[in-house]
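Asker: Next one to model:
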Amino acid sequence: MAREYRREKGGNTWHFCTNCPNWPTTDYEKRRKRPRKQLCEKCKRLEEGGCNGEQAPGSKPDPRVWEALERLERSMDWTRWLVPYLEPGRIGKGCLAARGRPSNAPLLVFPQGVSTPIRQRHNEAANVANENFLIRLYAILERHGFTRPIDDNADNAEIVKLLKDLRNYYAHGSGVYDPRNSEHEELRTAVVTSFDDLENVSEDVIPLDVDRVLGEFLKRCRKYVKDVMQHR
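Answerer: From the prediction side, this is the model:
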């Protein structure tokens, strides 16, 4: 497949690595022929290490991945107390303790009570936190040498591939679910069928429940990492 080069309309810098944090996803120009000048320096560095899913020769899985995954799990546990999902029954209440909250975790206080608009904005923030968790989880696997390429023979390889698709969906797109979009629908179906107890969730969103989805992603990615390290 021919490589695509992109730059923002009115911009000067051409990008060619989709892993670049500045990779344009909206309002951009594109071309197939490699520009002779003004190539993104970050894209060049990424190309040296293996860009767009191709592993650089000689790279090996890094055991420090376990520490990074542990830190991510601690952050997830704390975030769930800061921005828990607010059920409709929380409307009108002022002091909220998330279900299962430990005694040293934050306690949410809404001086004027939870209104419908506040609940909507709060849950949007909670969803963004969940999306960022998935982006970070894949970044940890990528940074420590477990995704270039994804090992098809390893345990839970399909889950890591699904994680990559979600990372691309949230990191390189709008992240707004459109049920009329076939790619969005396929991604949602993949999530629902990969985890338990998601059959009755809303058809207008990709479910990102902390326990049923995010926690399971983390658990299965750990199994994938363990299997890769045992067989390489």
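Asker: Check the offset of stretch 79-87 from the chain's centre.
Answerer: What separates the centre of stretch 79-87 from the centre of its chain is 18 Å, taken as CA atoms, centre = their mean, to the nearest Å.
Asker: wait, stretch 173-185
Answerer: Using CA atoms, centre = their mean, the offset of stretch 173-185 from its chain centre is 15 Å.
Asker: Packing partners of the helix or strand bottoming out on mean pLDDT in the chain?
Answerer: Every helix and strand in the chain was compared by mean pLDDT, DSSP states H and E; the lowest is strand 95-96, with a mean of 74. For strand 95-96, the packing partners by 3 or more CB pairs under 8 Å, 6 or more residues apart in numbering; DSSP states H and E come out as strand 108-109. All C-beta spots, glycine's among them, are computed from the backbone N, C-alpha and C.
Asker: So what touches the least confident helix or strand of the chain?
Answerer: For strand 95-96, contacts defined as CB atoms under 8 Å, 6 or more residues apart in numbering pick out Pro84, Leu86, Arg90, Leu107, Leu108, Val109, Phe110, Val114.
Asker: Which single one of those is nearest to Tyr170?
Answerer: Pro84 (20.1 Å; CB to CB).
Asker: before we move on, back to that, the least confident helix or strand of the chain pairs with which strands?
Answerer: strand 108-109 (antiparallel) (DSSP bridges).
Asker: Show the pLDDT at Asn19.
Answerer: Note for Asn19: predicted pLDDT of 79.
Asker: excluding its backbone neighbours, what's nearest it?
Answerer: Leu46 (5.4 Å; CB to CB, 6 or more residues apart in numbering).
Asker: next one: Lys164
Answerer: Nearest one to Lys164, counting by CB to CB, 6+ apart, is Tyr138 at 5.8 Å.
Asker: Quick check: what element follows the host helix or strand of that neighbour along the chain?
Answerer: Element membership for Tyr138, per DSSP states H and E: helix 116-143. Note on helix 116-143: by DSSP H and E, the next helix or strand toward the C-terminus is helix 157-171.
Asker: That following helix to helix 116-143, inter-axis angle?
Answerer: Going by axes from the mean of the first three to the mean of the last three CA atoms, to 10 degrees, helix 157-171 is angled at 130 degrees with respect to helix 116-143.
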